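Peer 1: for reference, the sequence and a predicted model appear below.
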Amino acid sequence: MVIKILIGLAVVIVLVVIVIATRPSAFTVVRSTTISAPAEAPFERVNDFRAWQSWSPWEKKDPQMKRTYGEKTAGVGATYAWAGNGNVGEGKMTIERSDRPSVVGIKLEFFKPFAGTNTATIAFAPVAEGTKVTWTMDGKYNFITKGMSLVMNMDKMIGNDFEAGLAAIKAESETAAKSGRRATAAAN
């Protein structure tokens, strides 16, 4: 009887390993919104890490988190590191691409609760209504995170935060465009 249980358990473990191994190795999360403002307004909010405190959904999840800014806070080479509670973890962002006012590309390094490196791209495209802003995050799964993806959907987990961030960028950018003021503090 014990041998049958062990064989059955081994078969289940092998099946789970096979299912995990056949899961996709990469993920992409994409959200967009249209903002009634020129591209420069939302671009400035994204391109300067000091401006993120006003719109980033993760800032609201842990207002007490520790923030460390690099020597540059805006444009290529700008860095921003954080250490917070379980809702935000710990990591670092580096702007690797900054094409004013069309795209900001960011390297995301996560240290806690799970190590990983992803790429975030926020693109700004002119449309008749103003600017279409598209936030994309691409990443790779390792075996453990592939297993976790069986019960946790990355698109649902991160997508809601992207939507909240885009809504905040939209509100700030449209308000700034109506009043004619600049979006953020001057870039370093």
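Peer 2: That came through fine.

Peer 1: the longest helix in the chain is where?
Peer 2: helix 154-179 (DSSP state H).

Peer 1: can you get me a residue count around Thr131?
Peer 2: 25 (other C-beta atoms under 10 Å). For glycine as for every other residue, the C-beta is placed from the backbone atoms N, C-alpha and C.

Peer 1: what's opposite it in the beta bridge?
Peer 2: Ile35, Pro126 (DSSP bridges).

Peer 1: which neighbouring elements make contact with the host helix or strand of Lys60?
Peer 2: Using DSSP states H and E, Lys60 falls within helix 57-61. Counting contacts by 3 or more C-beta pairs under 8 Å, 6 or more residues apart in numbering; DSSP states H and E, helix 57-61 packs against helix 154-179.

Peer 1: could you pull out the helices in this protein for me?
Peer 2: 2-21, 40-47, 52-55, 57-61, 143-148, 154-179.

Peer 1: chain center to the shortest one: distance?
Peer 2: Distance, stretch centre to chain centre, for helix 52-55: 13 Å (C-alpha atoms, centre = their mean, to the nearest Å).

Peer 1: least confident secondary structure element in this structure?
Peer 2: helix 143-148 (a mean of 74; mean pLDDT, DSSP states H and E).

Peer 1: Ile122 pairs with what?
Peer 2: Judged by DSSP bridges, the bridge partners of Ile122 are Val104, Trp135.

Peer 1: just checking, it touches Thr134?
Peer 2: Yes - Ile122 is in contact with Thr134 according to C-beta atoms under 8 Å; the separation is 7.2 Å.

Peer 1: out of these two, which sits in the busier spot?
Peer 2: Each of Ile122 and Thr134 has its neighbours counted (other C-beta under 10 Å); Ile122 has more, 22 against 16.

Peer 1: nice, that's everything, thank you.
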